[in-house]
Structures are given as structure tokens and as C-alpha cells.
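Trainee: Please find the sequence and the predicted model below.
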Amino acid sequence: MICPECSKENLKKVEFCSYCQAKLQLRKTRILSDLTSQEIVHIIESDLRGAYPPQGMSLAKSDGPDAIWRITGVLDKYFNNVTYVSWAPEEAPIRVKRLIEKFNTYGVDYTWWISPSSSLVDLPKLLEANGMVYQEDFPGMAIDLQNLHDEYAELTDIQGLEISLINNKVQLNDFVHAYIVATDSNPQMQSGLARLFTMSGYKKTDNWSLYSATLHGKTVATTALFTGDGVAGIYLVSTIPEVRRRNIATTIVTFALKEARDAGYNIGTLQASEEGIGLYQKLGFSKYCSFPLYTRYYLG
């Protein structure tokens, strides 16, 4: 079947009647070596826009066509953000100002991801002029899951480590608590983040799968897998401080990617932090782009 999006005859199997789901099936069956670098960047961007923050709970939002952003009210900058804008250059100054003013009215920290495909060359200056601060560039990475270097996940020296899929409220609360401790986040976001994941359908759909690593019954690491855009997107990777540098993060990420591969997904994507990029390169990920991230903290 010829894809209505890219006009290529590579949709191997039609199982859905809607265009959107057919597009997901197309992406699921494609492999990295068939894609141009530009197509890979588009897929990495698209996955971020669909995944982050998780859908299902919002105080205000836009799902396009010219802007994608969401305010969840969770007390953390990564769960209130802008992931895409497409404005005419002459409109950009006032549009940026108005959107930042809207975020400010909700009294939360927030972030703005600048997409690699953004045509607004002055966007960084506009963000800074409106009080946002550059944080860092997050590499956009991808991997052919058939080439996943899963042997690195077998190097952990910790006995009693178990990885499991979150499927109940007790496990979910432990997952959120470990993530907060590992990322040194505001403890007051516990209930809001648990509610966000619940409303995102983490156990009702196959779009989100949350995984935890437990050590003798205590949750020590987390990761999340988003497959709603037809690829395996990795998010929320964290390890509590006392068990770091023992390959636990490598193990749990590899476990999630192998689950996706077994389910038929061919491509993995993520946005890496500075401390995480080495881990992902060892697993076989390559960098294809960068996402400059700007942050604004609510001062009260």
C-alpha cells in the first residue's frame, strides 16, 4: 500500500481503517536504514511531541496545527512545556510573548523544546527576551532495534535486581517516588504525577508502558516506553543516587527496548541528557539532531 503521508509503497500490512493508525503501522514496519537523516529527525521530533508530557491531563493545551504545548499543573518543569511551534517570522514575537504569559498565569515551572526543524531562527532570542533561560542541548538519538547491543544489560553486578511492568497503583506510586528521589524533584509533585500517568492510560492502552527496577523489593530505577507514534520512545530514565554506576539504568532501558522489539517495533528514539549519552551510545544509539531546551522557573 502507498502511504498517504510520504507516498512510498512500504506499508506492508493494513489492519486499521483510519489514516492516523495506518500511519502508525507504516512507521512500525519501517527500519532505520530505509530512512534518510531528515526522515529520522522528523520521527524523533514527532515522538517527542506525542509523548511529552504524557497526554490525558491538562489545565490548558494546544495540539496544533501551528503549536503543540501542554500545561498539566504538575510541579515540575518537564511536565509543562512547548514542543513545537510553526509561526510566520513576523508573528513570532507577539506569539512567543502571549504563550509565555499564558504559562506564567498557571504558576508552574515549564520548558520550551526548540525542534531541529524550527524555521524561527530568532526563537532563542525571543525566549530569552521573555524571561526564559537556556538549559542545555539534548541530543535526539535513534537506533535500529535489531542492532540493540543488549549484552550491556547483563553486566550489572547487583543480585536481587528485578524489572517489572507497572500495572497497579501501589507500583505506580513507588515508581513516581523513585523518579522524584532520583531526579531531586519537588516531593509535592507525587500525587500530581501519579494522576497524570493514570489519566494517560499507562495500563489501559499500549501507548505507555512504565517499568521499574526493584532491589530487594525497593524501587531504585525507572523508565517509560511510549509507542503511540509507531516507534519505541524512551522517557523518564532515572536511578536513585545510592545505586548509580552499576548498570541498572542500562539494564532497565534495554529491557524496555527488547519488549518493544518483541512487539514488532523496529526503531527506538530518545532525547539524551549529558550524563546519559554515553549509556545510549553503548547500546547502539546514534545522534541525529539536537533539541535546545529553555527553562522558566516560577518565582511565586
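Mentor: Nice, I can see it.
Trainee: Need the per-residue pLDDT for the residue lying closest to residue 92 once chain neighbours are set aside.
Mentor: The shortest distance from residue 92 to any residue other than its chain neighbours is 5.3 Å, reached at residue 120 (Cβ to Cβ, 6 or more residues apart in numbering). Every C-beta, even on glycine, is put in place using the N, C-alpha and C of the backbone. For residue 120, the pLDDT comes out at 89.
Trainee: Show the residue spans covered by the strands in this protein.
Mentor: 60-63, 67-71, 80-85, 110-113, 133-144, 161-165, 208-215, 218-226, 232-239, 267-271, 286-296 (DSSP state E).
Trainee: Would you convert those into JSON lines that also reports distance to residue 186 and mean pLDDT?
Mentor: Output for the strands of the chain, formatted as JSON lines (distance: least, Cβ to Cβ, whole Å; pLDDT from 0 to 100):
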{"stretch": "strand 60-63", "distance to residue 186": "20", "mean pLDDT": "93"}
{"stretch": "strand 67-71", "distance to residue 186": "16", "mean pLDDT": "95"}
{"stretch": "strand 80-85", "distance to residue 186": "13", "mean pLDDT": "95"}
{"stretch": "strand 110-113", "distance to residue 186": "14", "mean pLDDT": "97"}
{"stretch": "strand 133-144", "distance to residue 186": "17", "mean pLDDT": "96"}
{"stretch": "strand 161-165", "distance to residue 186": "26", "mean pLDDT": "93"}
{"stretch": "strand 208-215", "distance to residue 186": "20", "mean pLDDT": "95"}
{"stretch": "strand 218-226", "distance to residue 186": "17", "mean pLDDT": "96"}
{"stretch": "strand 232-239", "distance to residue 186": "15", "mean pLDDT": "96"}
{"stretch": "strand 267-271", "distance to residue 186": "22", "mean pLDDT": "97"}
{"stretch": "strand 286-296", "distance to residue 186": "14", "mean pLDDT": "96"}
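Trainee: With mean neighbour count as new columns, can those be given to me in TSV?
Mentor: Putting those into TSV (neighbours: other Cβ atoms under 10 Å) gives the following:
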stretch	mean neighbour count
strand 60-63	14
strand 67-71	21
strand 80-85	23
strand 110-113	24
strand 133-144	19
strand 161-165	15
strand 208-215	22
strand 218-226	24
strand 232-239	25
strand 267-271	26
strand 286-296	19
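Trainee: sorry, back to before: does the residue nearest to residue 92 really touch residue 88, like I thought?
Mentor: No. Distance between residue 120 and residue 88: 9.2 Å, which falls outside the contact criterion (Cβ atoms under 8 Å).
Trainee: more neighbours, these two?
Mentor: residue 120 (19 against 10; other Cβ atoms under 10 Å).
Trainee: In contact with that one, which residues?
Mentor: Taking Cβ atoms under 8 Å, 6 or more residues apart in numbering as the definition of contact, the neighbours of residue 120 are 85, 87, 89, 92, 126.
Trainee: Please indicate which of these has the highest neighbour count?
Mentor: When neighbours are taken as other Cβ under 10 Å, the top entry among the contacts of residue 120 is residue 85 (23 neighbours).
Trainee: Who is that residue paired with across the strands?
Mentor: Following DSSP bridges, residue 85 is listed with bridge partners residue 67.
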